[in-house]
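How does the following fold in three dimensions:
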Amino acid sequence: MKRSIDTVVISDVHLGTIGCHAVELVQYLNSIDPKRVILNGDFVDIWNFRKYYWPESHMHVIRMLITMMTNGVDIYYLTGNHDETLRKVSSLQLGPLFIRDKLVLELNGEKVWFFHGDIFDVTMKHSKWIARLGGQGYEMLILINRWMNWISQKMGYGKFSLSKKIKDGVKTAVNFIDDFEVTAMELAIDEGYDYVVCGHIHQPKIRGYENEKGSVIYLNSGDWVENLTCLEYDGGEWNLYRYSEDTVLQENPRINQLMKSHTLNKKLMIG
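Numbering: from 1, shown residues only. Model prediction:
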């Protein structure tokens, strides 16, 4: 039976890349019955899109969203840096599909500000070519990390995120992100919002913040490349969903078979 949710926020899916966990996302989408879906940037990775790589599972994600729209679910596609070409049509509405750069909703009497967040990334503002180059290298790093984790588990060790360690280290050293979270929260307070919801940095989190001007709740939906997370709003409360903690889905034999098939297809595509 599907879980009823008022709003779900999903970001940084990066459809069209090897790192995308589309199979798991399909399983998640099939387990919920939302009234509203917010795709908060980098849903389709136009930067790193390859004609030869568009698996059936990636198409299945699109089909599921189309089915939701035909059933009356509003879908807001908020643009990010990897799908920035859509900013040329960021006022477009096609029935229940809305393409926007940002979104403001009033939920339970509180103002919530949604946007991807690349505007706060120093790399995006001043060195876009570095960001593009890094995006391509990041995709390869994810693939290498998966092979290393497979070997690590066979040897009895746990998983680790090579890409996350390298990315965090480089971004700290070169100052790629200028205190992303604090900047977003302080700006949200200045603008009078109660919540600010971002993506972009692939760091799922819910945290509070207060300064001399007021207070705000910061939320980040994470991603479906490394963390497999999203945000759910229902009953007046926000929760951070983690696929790794959803034992019901992971113990489903059908999803296990789909994941094996998807892994094989990736090997064939790469090989």
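
Number of residues surrounding the nearest residue to residue 242 once chain neighbours are set aside?
By the measure of CB to CB, 6 or more residues apart in numbering, the closest residue to residue 242 outside its immediate chain neighbours is residue 229, 5.2 Å from it. Heads up, the C-betas are built off the backbone N, CA and C, glycines and all. Counted with other CB atoms under 10 Å, residues neighbouring residue 229 total 23.

For the stretch 1-150 of the chain, just list every one of the helices.
Secondary structure of the stretch 1-150 of the chain by DSSP state H, counting those that start in this stretch: the helices cover 22-29, 56-70, 122-126, 128-154.

packing partners for the first one?
The one in question is helix 22-29. Applying 3 or more CB pairs under 8 Å, 6 or more residues apart in numbering; DSSP states H and E, we find helix 22-29 packed against helix 56-70, helix 247-250, helix 253-270.

could you redo the last one with a cut-off of 10 Å?
In terms of contacts (3 or more CB pairs under 10 Å, 6 or more residues apart in numbering; DSSP states H and E), helix 22-29 is packed against strand 3-10, helix 56-70, strand 229-234, helix 247-250, helix 253-270.

residue ranges with poor pLDDT in this protein?
Within the chain, the stretches with pLDDT under 70 are 121-178, 253-271.

List the buried residues for stretch 187-205?
Neighbour-count burial for stretch 187-205 flags 188-189, 193-204 (criterion: 16 or more other CB atoms under 10 Å).

Next, the distance between the ends of that stretch.
Terminal residues of stretch 187-205 lie 18 Å apart, using CA to CA, to the nearest Å.

Ok, stretch 43-62 next?
Between the opening and closing residues of stretch 43-62 there is a gap of 10 Å (CA to CA).

and what of stretch 17-36?
By CA to CA, the extent of stretch 17-36 from end to end equals 26 Å.

How about stretch 87-106?
Rule used - CA to CA; the end-to-end distance of stretch 87-106 is 24 Å.

Next up, the contacts around residue 86.
41, 43, 44, 46, 77, 78, 79, 80, 92, 99, 100, 101 (CB atoms under 10 Å, 6 or more residues apart in numbering).

wait, which of these is closest to residue 56?
Sorting the contacts of residue 86 by how near they are to residue 56, with CB to CB, puts residue 44 at the top with 15.8 Å.

Once you drop chain neighbours, what's closest to the closest one?
Setting aside the residues directly before and after it, residue 44 is nearest to residue 15 in space (CB to CB, 6+ apart), at 4.7 Å.

what number of residues lie near that neighbour?
If you count neighbours by other CB under 10 Å, residue 15 ends up with 23.

again with residue 30
Using other CB under 10 Å, residue 30 is surrounded by 16 other residues.

just residue 69 next, same as before
Residue 69, neighbours per other CB under 10 Å, totals 16.

That one contacts residue 93, correct?
No - with contact defined as CB atoms under 10 Å, residue 69 does not count as touching residue 93 (11.8 Å).

show me the contacts for residue 38.
By CB under 10 Å, 6+ apart, residue 38 lies in contact with 7-11, 74-78, 98, 100, 103, 105, 112, 114, 197, 199, 221, 230-231, 233.

repeat that with 7 Å
7, 9, 76, 78, 103, 114 (CB atoms under 7 Å, 6 or more residues apart in numbering).

quick one on the thing from earlier: buried ones among the contacts of residue 86?
Burial by neighbour count, judged by 16+ other CB under 10 Å, picks out 41, 43, 44, 46, 77, 78, 79, 80, 99, 100, 101 from the contacts of residue 86.

Sounds good, over and out.
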